[in-house]
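1. Provided below for reference: sequence and predicted model.
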Amino acid sequence: MPLDKKTIVDAVKEAKDKSGKKKFGQTVDLILNIQEIDMKAPEGKIQEILELPHATAKPNKVVVVASGEMALKARRANADKVIERADLEALGGKKKELRKLAADYDVFVSEAPLMPLVGRILGPVLGPRGKLPVPVPPNADVANVIAKHRKTVVVRMRNQPIIQVSVGTESMSEDELFDNIQAVLRVLEGKLKRGLKNVKLAYIKTSMGTPVKIKP
């Protein structure tokens, strides 16, 4: 399915126009229906973390699971939440608190040595939501890691041949949204067996708006 710039930008403009004025900033989503794909094969289970070219007006809320020096640096870098080892162990078995944590934050980053513990305690609640923690070495520049993950999205397809990913907010320009959409399409070009020929239908949708078909 060929998707040129004018085609995409026209759909973005139409989606914005149809969304109406709301009291909050709406997100803009790209929705893709995928065809001719075996959902049971590896190609049917896509999960890629992608750093968008343009930060959105609604940056991701980042949790850092770390100890010692990295925890200290994460606080200095204004991580939205820092969980140290003792805090993590205390969360074990507290399903309500774990569900709230998974719902309130977008990205989880973990110091690599803590990953086995993170996997055991947080894995069951984060895995199904596509938010499994990203491991980073203890000597990583955690400020850069946080800055990067504030503008990442997860390009994910599981169980159904549909991909829905947030590419920005309605306050962003059409050019910025186009660049972010292109970044998602480039990932899929490399992941799908026939590239974008596997895309049957594509839509742009704001949070509260109706989907607008991208017409190639």
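-> Okay, I see it.
2. look up the closest residue to Glu48, ignoring the ones flanking it.
-> Leaving aside its sequence neighbours, Glu48 sits nearest to Val155 (CB to CB, 6 or more residues apart in numbering; 4.5 Å). Every C-beta, even on glycine, is put in place using the N, C-alpha and C of the backbone.
3. what of Leu30?
-> The spatially closest residue to Leu30, leaving aside those adjacent along the chain, is Val167, at 5.0 Å (CB to CB, 6+ apart).
4. repeat for Lys58
-> Once flanking residues are discounted, Lys58 sits nearest to Thr169: 5.5 Å by CB to CB, 6+ apart.
5. state the distance from Lys16 to Ala102.
-> Using CB to CB, to the nearest Å, Lys16 is found at 31 Å from Ala102.
6. same deal with Leu126?
-> 6 Å.
7. ok, Gly68 next?
-> 25 Å.
8. looking at those two, which one has more neighbours?
-> Ala102 (19 against 11; other CB atoms under 10 Å).
9. contacting residues for the more buried one?
-> By CB atoms under 8 Å, 6 or more residues apart in numbering, Ala102 lies in contact with 122, 125-126, 129, 131.
10. distance to Ala11 and secondary structure added to the residues you listed, as TSV?
-> Shown next, in TSV, are the contacts of Ala102 (distance: CB to CB, whole Å; DSSP: H, G, I helix; E, B strand; the rest coil):
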residue	distance to Ala11	secondary structure
Leu122	37	coil
Val125	35	helix
Leu126	33	helix
Arg129	28	helix
Lys131	29	coil
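11. tally of neighbours for the residue nearest to Glu48?
-> For Val155, the count of nearby residues is 22 (other CB under 10 Å).
12. picking up where we left off before, three-state assignment of the residue nearest to Leu30?
-> strand (DSSP: H, G, I helix; E, B strand; the rest coil).
13. would you list every one of the helices in this protein?
-> 5-19, 68-76, 85-91, 95-104, 115-121, 123-126, 142-149, 174-191 (DSSP state H).
14. hang on, the residue nearest to Lys58 packs against Phe24?
-> No - contact between Thr169 and Phe24 fails when scored by CB atoms under 8 Å: they sit 9.8 Å apart.
15. between these two, which one's more packed in?
-> Higher neighbour count among Thr169 and Phe24: Thr169, with 18 against 10, using other CB under 10 Å.
16. quick one: contacts for the more buried one?
-> 25-28, 56-58.
17. of the residues you listed, closest to Leu192?
-> Closest approach to Leu192 among these (CB to CB): Val28, at 22.3 Å.
18. wait, that closest one sits on Ser171?
-> No - using CB under 8 Å, Val28 makes no contact with Ser171, being 9.6 Å away.
19. which one's more surrounded, those two?
-> A count of neighbours by other CB under 10 Å puts Val28 above the other of Val28 and Ser171, at 25 against 13.
20. which residue packs closest to that one, ignoring adjacent ones?
-> Among residues not flanking Val28 along the chain, Gly168 sits closest, at 5.0 Å (CB to CB, 6+ apart).
21. what's the neighbour count on that neighbour?
-> Neighbour number of Gly168 under other CB under 10 Å is 26.
22. same question for the one 5 residues further on.
-> Number of residues near Ser173 (other CB under 10 Å) recorded here: 12.
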